[in-house]
Every structure is written in structure tokens, then in C-alpha cells.
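**Q** Using only what follows, build the 3D model:
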Amino acid sequence: MRQEKHKIPKLNTRHRFEENWRKNFEKFAVCSDDDAGIAGWSSTGLETRLRYFIHFWDKNHHDPGLWLDLGCGAGTYSRFIAERGMRVIGLDYSFPTLQKAKVRGNSSINWCAADASRLPIKPESFNGAICFGVTQALENSSAVTNELVNVVMPGGQIWIDALNGACIPHLWERCYRRLSDRPMHLRYESWRRIKAIMKANGLVNIQLYWLPILPSRWVRFQWLLETSLARWIFYYLPGIGLLFSHSFIVYGERPLQKR
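**A** Have a look, this model is predicted:
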């Protein structure tokens, strides 16, 4: 009798764009010793993003619990959340990056290597999750958002950031690269798309936060964008945020289960 051959199923392969970014992040970790360099940001850019996040974080209520920092990089946000009394797991797919994060991080933080689109985590394990600096290195935002919703428990919070594809400098860059037949080195996103993905996953109380960030050479003027007046303008005139914000954060909550 002829013996049947059983083929071993192939694992999902990472898109070339995503694989290139994985290699970039590993290179950043090997060549850099500061948080910004390890994560692939400018020092002023990372500091500004963290200030914005602290401002938005402090406006929301957070019960003590277990939090996931997905795409934790050098652990900048992991350390901040841990300092606010949360237990934190920092997860990244770059092992060299995690080695740097462990050396620099709070001893209470646990570090884990895994793929953001296939989390080896039981459903409803976390009280909240953040995912910053990740979506621009992925082919799309759907898989990572779905994973975050799956691992956060009812009543938990999810924070996702992305590069704003509609701001004027990014529109210009995208146009220039297309005209010069050069591939995009980053993926820009629409806040409406992430909001739609969150709504499709049943999240509620979805909020949008703009992150207007000036280039490093103009950093001395950054404070003007962080005044109460500027925050009012970006909040009540969202078209201004759309055209002039480098990035954005979308926040959502898993609804509590009905008894």
C-alpha cells in the first residue's frame, strides 16, 4: 500500500516590509545605548511623545493591575506605567532590544520576546495595554489591534499610536516618493481606520488624541504646541490636528460584560 506523505504546514512568513523593520530595530539596539536610539526615534521626539502620553494618561482613571507594553522597545513607557503602580510586561520581537530594556528597566517589569500579531498570551489577561511605535513598521494595523483586544479583559483600556498619514509633511513625503519611484520606508495610518477596527472589535469610549511634534531643529518652539490654548485648538478644531499633527493616539475600552 502506498504510504501517504504528510506535509508540515509552513509558518506564516513576515512581509518583507515588516522583516526589514525587524532587522532595523535589532540594528538600532546593537548600535545605540539611549532609549530613543534603541527605539529608532530622535531624543527630542521620544521625550515629546512621552510628555503627551503622560498628559493624556493622567486625564484617565486607571485601576491597579497588569499592563502590557506591546512593542516596548527600550522600555520607556513600561517604566512610566510601572512607576504609576502598575505591574507591567514589556513585549518586543527584537531580542537585542529586550536585553537593553532589561538592563535599563525597573526590576519589577517582566520582559518577553514575541510577535505582536500572534501573541502567546491567554485571552483577557491584562487590565490594559499600550502599543506605541509599532504600527508604522507593520503592513496593517488590524492584526495587532485584534490581538490587543483579545488579551485585555472587559473594562480594560487599549492605547494605540500611529503616524498621521494626513498631515502636510507626510502627504508631501508620500507624494515625493511616489513621483520618484521610491518605496515608503514607514507606513502612515488614518485615525479613522484604527477607530473603525476598534469599533468592529466592540470597543467603547473611543477617543482621539493628536500629537503635534516639531522637527528636532525647531524643538525650541515645541512648547507652543503644548500650551492650554494649543490643546484647545487641536481638540475643538480637529481639522487642524489632522493637517499638522505628526502622530496620534487612539484610546478605547473593552465594555464590561453584562451579568
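
**Q** Return the distance of the closest residue in space to Glu226 that isn't next to it in sequence relative to Ala143.
**A** Among residues not flanking Glu226 along the chain, Arg51 sits closest, at 6.9 Å (Cβ to Cβ, 6 or more residues apart in numbering). C-betas here are computed from N, CA, C, even on glycine. Distance, Arg51 to Ala143, using Cβ to Cβ, to the nearest Å: 29 Å.

**Q** Quick check on those two: which one has the bigger neighbour count.
**A** Set Arg51 next to Ala143 and count neighbours by other Cβ atoms under 10 Å: Ala143 wins out with 16 against 13.

**Q** Which residues are in contact with the more buried one?
**A** Ala143 makes contact with Ala116, Ser117 under the criterion Cβ atoms under 8 Å, 6 or more residues apart in numbering.

**Q** What's the first helix or strand after the host helix or strand of it?
**A** Element membership of Ala143 [criterion: DSSP states H and E] is helix 142-151. Counting by DSSP H and E, the element after helix 142-151 in chain order, helix or strand, is strand 152-163.

**Q** Using PDB, list the CA coordinates for that following strand.
**A** What follows is strand 152-163, C-alpha atoms only, in PDB (Å, rounded to 0.1, in the frame of the first residue of the first chain):
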ATOM      1  CA  VAL A 152      -7.300  42.800  27.500                       C
ATOM      2  CA  MET A 153     -10.100  41.900  29.900                       C
ATOM      3  CA  PRO A 154     -13.600  43.500  29.900                       C
ATOM      4  CA  GLY A 155     -13.300  47.100  31.300                       C
ATOM      5  CA  GLY A 156      -9.700  47.300  30.300                       C
ATOM      6  CA  GLN A 157      -8.000  50.100  28.300                       C
ATOM      7  CA  ILE A 158      -6.200  49.900  24.900                       C
ATOM      8  CA  TRP A 159      -3.900  52.700  23.700                       C
ATOM      9  CA  ILE A 160      -2.500  52.600  20.100                       C
ATOM     10  CA  ASP A 161      -0.500  55.300  18.400                       C
ATOM     11  CA  ALA A 162       0.400  55.700  14.700                       C
ATOM     12  CA  LEU A 163       2.000  58.200  12.300                       C
END
